[in-house]
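A.B. asks: Quick one: sequence plus predicted model below, questions after.
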Amino acid sequence: MMIQIGRLSAPHLLVAITAAPFSSAFTARCNKLLTPNYFNALSSSSSSSSSLTKRTTVSSLPVSSILRNKQSSLHLMSPHDIMDADSINSVTSFLLSRGSRGSMENAVPPSEGVTLTILSAGFALIVWFLAKEYIFLKQKSAVMTGALGKKEKDFTWFDLIDYRLDYFFSTSEWAKVILLFGLSYILVVFGAGLLVLGDSEDFDTISEAAWVSWTYVVDPGAQADAPSELIPRTVSLIVTLGGLLVFALLIGIVGESIGEKIEDLKTGKSRVFESGHTLMLNWNDKSLAVIQQIALANESEGGGVMVVLSKLEKEELEEKLESAINAKENPLDLMGTEVVFRQGNPILENELKKVSASTARSIIALTPPEFDSDEADANMLRQVLALKALDGDFGSDGERHVVVELQDIDNKELIKMVAPDFAEVIVNHDMIGRLMLQCARTPELAYVLDSMMGFEGSEFYFDTWPELYGKTFKEITVRFDDAIPVGFRSADGNVRINPEDDDVYEEGEEILVLAEDDDSYQPNDGTYPLTAGECTGGEVECPLHDAIRPPEKVLFCGWRRDMSDLISQLDEFVPPGSELWLLNQIPADMRAERLLDGGNKSKLKLQNLTIKNVVGNHIIRRDLKRIWDTNSKGEYTGEKATLDEFDSILILSDETAMKSGEKGSTSSDSRSLAAVLIIQDMMDKMYEVKKKKFASNAVLIKPPCVPVSEILDTRTKSLLNVANCKGYVLSNQIVSSVMAQVAEEKDINIVLSELFSSEGSETYIRPVEKFVDLDEEDTMSFWDVALKARQYREVVVGYKPADLDFADAAELIINPPNKSVPRRWKKGDKIVTFSLED
């Protein structure tokens with residue numbers, strides 16, 4: 001279809017616009033070529049020409065007739081005459097029917113019509129666009145002038161053109177490419193038109209002229225072969241200069257496009273095409289520990305893929321990972337796992353699609369570090385909703401799930417309400433608080449929990465063993481040489497930890513074990529005798545519960561936002577009549593309000609604890625010597641205590657320092673380390689003074705407790721070992737390990753929640769004398785001790801010899817080897833168990 005403006009078609013317009021400025025040269029060129037022989041050839045080829053230009057037909061007329069119809073001679077044609085439609089019809093037909101030089105006997109090739117149509121159509125489109133823009137700018141200029149109310153406008157046409165160019169380049173990604181092709185097109189059409197109409201015998205066809213003009217555009221050296229005439233050389237120079245501009249523009253566009261693509265790759269904007277991978281959303285101080293644990297979990301499979309989506313720049317995240325890998329102390333080992341980083345907002349659906357969230361095996365949603373606790377939990381709620389909106393079937397298969405980190409226990413039910421089928425909630429502060437409380441009462445428990453939570457040693461696994469159907473839990477206790485049976489999971493998902501001895505393993509259920517890997521254990525032949533677990537005495541010799549514990553005296557150093565929850569948890573652990581002394585710098589009259597957390601918490605209702613308030617700084621010796629109770633008015637009540645009187649001392653992380661991110665973790669750990677050293681030194685000196693004062697009854701003097709400190713940065717661990725500080729909890733490390741385990745198996749969250757709570761089974765370190773009478777029989781196997789512990793409804797998971805530290809006994813404290821081999825037990829040996837009662 002041919003473009004028309006009025007009565008003029010596109011080829012007519014091209015000829016008219018191009019030929020008008022050179023009317024005299026064009027007329028001379030036509031007079032030279034319009035011979036009788038030419039029109040005879042034109043007559044023979046008119047049918048093919050008319051088929052290419054449907055609106056242009058040249059009659060087979062003799063030259064005299066042509067001259068008579070066109071004012072007897074083309075010498076008389078003016079630029080105005082050229083714009084006449086009939087004249088343009090004749091000229092266009094003339095251009096279409098030119099043959100080879102010196103002969104008009106051959107038919108004109110049809111490609112001439114195609115070439116001219118393409119050139120004229122494109123040129124007409126450019127003219128139409130420029131005309132439209134001119135009209136728009138004319139109107140814009142009038143509107144702006146009227147709006148300013150001035151007779152003289154304070155802007156120029158160049159300002160308007162700059163505005164429109166800026167608009168096109170900012171709104172269209174193809175603007176630069178269109179500009180490049182437009183300039184090239186104009187140069188080709190301009191050069192081809194002048195070469196055809198010029199007085200040269202070297203260009204007989206439009207196609208040939210267009211090709212030569214194109215070579216001038218793309219190859220500056222092509223002008224060296226230009227004909228010697230003035231017009232061809234002038235055209236070659238002009239078009240070549242324009243071609244240099246086009247080439248420079250092309251280089252700029254290509255270079256910028258490649259640069260933008262590389263920048264997109266560097267900033268992590270490309271889509272991730274993975275399935276069955278682990279996806280971590282956001283980045284905080286637990287991220288590196290989570291990556292390490294996922295890498296350990298993937299080691300048995302030869303590695304895997306972990307994708308991280310964070311608002312931080314991709315290069316920054318890669319630098320953090322590289323720094324952790326190259327660290328001299330405790331370097332991160334990926335063990336074949338590939339870590340892919342992408343930059344984006346995790347709560348946006350498009351960003352989640354970019355990291356293939358809908359095909360991920362599991363998702364770990366970490367708390368954004370830039371928010372406070374309430375805002376962080378609100379962000380996590382939106383995060384879960386975004387995942388649910390992304391894939392409505394996410395988690396419905398029971399395999400894919402998301403592990404959500406929360407800060408406040410009160411928000412847990414909100415997450416479970418919107419996503420009960422696939423969200424597993426880990427409340428950060430709640431878990432750390434429970435860890436701290438358990439470790440404060442048994443400082444060595446930190447080593448056990450650290451070994452149990454990570455993938456470096458033994459961890460929890462569920463599996464089905466049909467050959468054990470119908471067996472009781474007591475029988476199953478000695479059926480795995482390389483695993484520790486802990487409980488059952490029923491077909492409906494209910495997990496029973498530390499069941500009764502006669503609890504039968506039914507078909508469809510799974511056995512929960514502690515093992516090194518999911519394929520590292522198998523049932524044995526079941527020939528090991530169960531006689532060691534038989535109780536031959538009465539109720540006194542086979543007790544189910546321990547004696548009533550005496551009241552405890554506990555000291556908290558520092559303050560946390562979730563102090564109210566921490567106190568409530570402690571109230572569940574301690575026996576009645578216990579005391580809690582709070583040592584921090586918050587005035588006593590403000591603490592009741594702080595415990596309410598601005599109305600987010602209810603008033604404490606304690607059953608076993610009495611709170612004592614002490615104002616002071618726990619890293620200043622003077623304040624640690626004056627542990628005096630004050631009332632709500634800040635007045636001393638007369639009650640006081642010394643450090644060596646406490647059964648447990650907890651040093652909490654500094655709340656203000658923790659808000660500063662990674663630097664805050666380092667600052668908090670520095671304060672905690674200083675407090676541990678000062679308190680240990682003061683208690684040791686007090687103990688030595690008492691030993692000298694009561695030398696005759698030194699055995700009755702209670703040794704000082706081990707202060708337990710919360711450590712956020714794992715790099716601080718080496719400093720604690722140098723300072724011989726044994727009481728610490730690597731809170732971020734343990735929480736990261738828990739999240740990684742739950743990411744691998746969602747029901748592990750039920751197991752760990754019970755082990756960390758005051759209800760159900762907890763982890764304890766018992767003296768071997770509780771289960772073994774060393775005076776009568778001190779040689780027996782690990783399984784024999786485990787069977788004896790079943791009399792107390794306890795599951796033995798490991799032991800620590802008296803002559804080894806917990807750090808050196810890492811292979812024994814959880815799932816030890818050689819369980820059936822007898823060994824000699826002695827005083828000082830410790831047994832690690834899961835028990836219902838302390």
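C.D. replies: On my side now, so go ahead.
A.B. asks: Skipping its backbone neighbours, what lies nearest L366 in space?
C.D. replies: Among residues not flanking L366 along the chain, N282 sits closest, at 4.4 Å (CB to CB, 6 or more residues apart in numbering). (Glycine included, C-beta is placed from N, CA and C.)
A.B. asks: Quick check: the gap between that neighbour and S653.
C.D. replies: As judged by CB to CB, to the nearest Å, N282 and S653 stand 20 Å apart.
A.B. asks: T145 now?
C.D. replies: Counting by CB to CB - T145 and S653 are separated by 67 Å.
A.B. asks: cool, and E316?
C.D. replies: From E316 to S653 the distance is 25 Å (CB to CB).
A.B. asks: More neighbours: which of the two?
C.D. replies: S653 (25 against 13; other CB atoms under 10 Å).
A.B. asks: Surely the more buried one is in a helix?
C.D. replies: No - going by DSSP: H, G, I helix; E, B strand; the rest coil, the assignment for S653 is coil, not a helix.
A.B. asks: give me every residue that touches it.
C.D. replies: By CB atoms under 8 Å, 6 or more residues apart in numbering, S653 lies in contact with 558, 560, 668-669, 672, 710, 712, 731.
A.B. asks: Most neighbours among these, which one?
C.D. replies: For these, the largest neighbour count, defined by other CB under 10 Å, is 29 neighbours, found at S672.
A.B. asks: Report whether that residue is found in a helix, as I expect.
C.D. replies: Yes - under three-state DSSP, S672 sits within a helix.
A.B. asks: Let me know the pLDDT of it.
C.D. replies: Per-residue confidence (pLDDT) for S672: 87.
A.B. asks: which non-adjacent residue is nearest it?
C.D. replies: S709 (4.2 Å).
A.B. asks: neighbours around that neighbour, how many?
C.D. replies: Residues near S709, counting by other CB under 10 Å: 31.
A.B. asks: Measure how far the helix or strand harbouring it is from the centre of its chain, please.
C.D. replies: Assigned by DSSP states H and E, S709 falls within strand 708-711. Computed by CA atoms, centre = their mean, to the nearest Å, the chain-centroid distance of strand 708-711 equals 29 Å.
A.B. asks: avg pLDDT for it?
C.D. replies: Averaged across strand 708-711, pLDDT comes to 86.
A.B. asks: So the nearest residue to D518 once chain neighbours are set aside: helix, strand or coil?
C.D. replies: Ranked by CB to CB, 6+ apart and with sequence neighbours excluded, the top spatial neighbour of D518 is Y461, at 4.9 Å. Three-state assignment for Y461 (three-state DSSP): strand.
A.B. asks: hang on, isn't Y461 packed against S520?
C.D. replies: No - applying CB atoms under 8 Å as the test, Y461 and S520 come out as separate, 9.1 Å apart.
A.B. asks: any common contacting residues for these two?
C.D. replies: A483.
A.B. asks: Low-confidence bits of the stretch 601-750 of the chain, can you list those?
C.D. replies: Within the stretch 601-750 of the chain, the ranges that satisfy pLDDT under 70 run 654-664, 696-700.
A.B. asks: In the protein, where is pLDDT below threshold?
C.D. replies: Filtered on pLDDT under 70, the chain yields the residue ranges 1-111, 147-153, 198-204, 391-399, 533-547, 654-664, 696-700, 838.
A.B. asks: In it, which residue is most central in space?
C.D. replies: L309 (1.3 Å; CA atoms, centre = their mean).
A.B. asks: Which strand residues bridge that one?
C.D. replies: Bridge pairing for L309 (DSSP bridges) gives the partners L281, R342.
A.B. asks: That one touches P346, doesn't it?
C.D. replies: Yes - under the criterion of CB under 8 Å, L309 makes contact with P346 at 5.1 Å.
A.B. asks: Show me the common contact partners of these two, please.
C.D. replies: With CB under 8 Å, 6+ apart as the test, L309 and P346 both reach 281-282, 352.
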